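Provided below are the primary sequence and the corresponding predicted coordinates.
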Amino acid sequence: GVVTLRSCTAGWRANILSAGDALTLARSVKRVAVLGIKTDRQANQPAYYVPQYLKSVGVDVIPVPVYFPEVTEILGERVYRKLADIPKSPVDVVVNVFRRPKDLAQHLDDIVLMKPKAVWLQSGISDPDFEEAVARAGIQVVSDRCLLVDHQSATA
């Protein structure tokens, strides 16, 4: 596609998406792996209600919790412990990240191994070094934006 060609010519910075590109991505999202998803016991937290909203509008949600080792399902979907364990082609997957900036680096290898379409860091989450590393791996990056808000805006 156009984005791939642009990233080849403009270098890795083209993979750091603008607000407009983030809205376009939000509109087109079909499968989301939610890294750091919470359970219904934390239903009032964005790491639960954002993926709950996405599922309610027909997005395929793949739970990847960091905690809750006893949990095998969230939102009625099988839990995966690592992004790289998710079966099927990841080319259309957006990884929606609910982790503190200081915790992002520990997931970098798993994300690069998975090669998703994009990594979406939720509102309040940003780490320029992490974002650059992901972008240099050829993966699109959105930071400090809410996928729920952008999806609602893009599909209104």
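Arrived safely, thanks for sending.

so who does the closest residue to Lys55 other than its chain neighbours touch?
Counting by CB to CB, 6 or more residues apart in numbering, Val61 is the residue found nearest to Lys55 once chain neighbours are left out, at 4.6 Å. (Each C-beta comes from the backbone N, C-alpha and C, glycine too.) By CB atoms under 8 Å, 6 or more residues apart in numbering, the contact list for Val61 reads Val32, Val34, Pro51, Leu54, Lys55, Leu75, Glu77.

for this structure, just list every one of the strands.
For the chain, the strands defined by DSSP state E occupy 31-35, 60-64, 73-74, 77-78, 93-97, 118-121, 140-142.

make JSON lines out of those strands and add mean pLDDT and distance to Gly20.
Conversion of the strands of the chain to JSON lines gives the following (pLDDT from 0 to 100; distance: least, CB to CB, whole Å):
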{"stretch": "strand 31-35", "mean pLDDT": "96", "distance to Gly20": "20"}
{"stretch": "strand 60-64", "mean pLDDT": "96", "distance to Gly20": "25"}
{"stretch": "strand 73-74", "mean pLDDT": "98", "distance to Gly20": "32"}
{"stretch": "strand 77-78", "mean pLDDT": "96", "distance to Gly20": "31"}
{"stretch": "strand 93-97", "mean pLDDT": "95", "distance to Gly20": "17"}
{"stretch": "strand 118-121", "mean pLDDT": "97", "distance to Gly20": "14"}
{"stretch": "strand 140-142", "mean pLDDT": "97", "distance to Gly20": "11"}
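
pull the helix or strand with minimum mean pLDDT from this structure.
Between all helices and strands in the chain, the lowest mean by mean pLDDT, DSSP states H and E belongs to helix 2-10, at a mean of 44.

before we move on, the earlier item: what's the closest of the contacts of Val61 to Lys115?
Among the contacts of Val61, Val32 lies closest to Lys115 (CB to CB), at 15.5 Å.

can you tell me how far the closest one is from Val66?
Note on Val32: its distance to Val66, by CB to CB, to the nearest Å, is 16 Å.

dump the residue contacts of Ala135.
By CB under 8 Å, 6+ apart, the contact list for Ala135 reads Trp12, Arg13, Asn15, Ile16, Val141.

that concludes my questions; thank you for your assistance.
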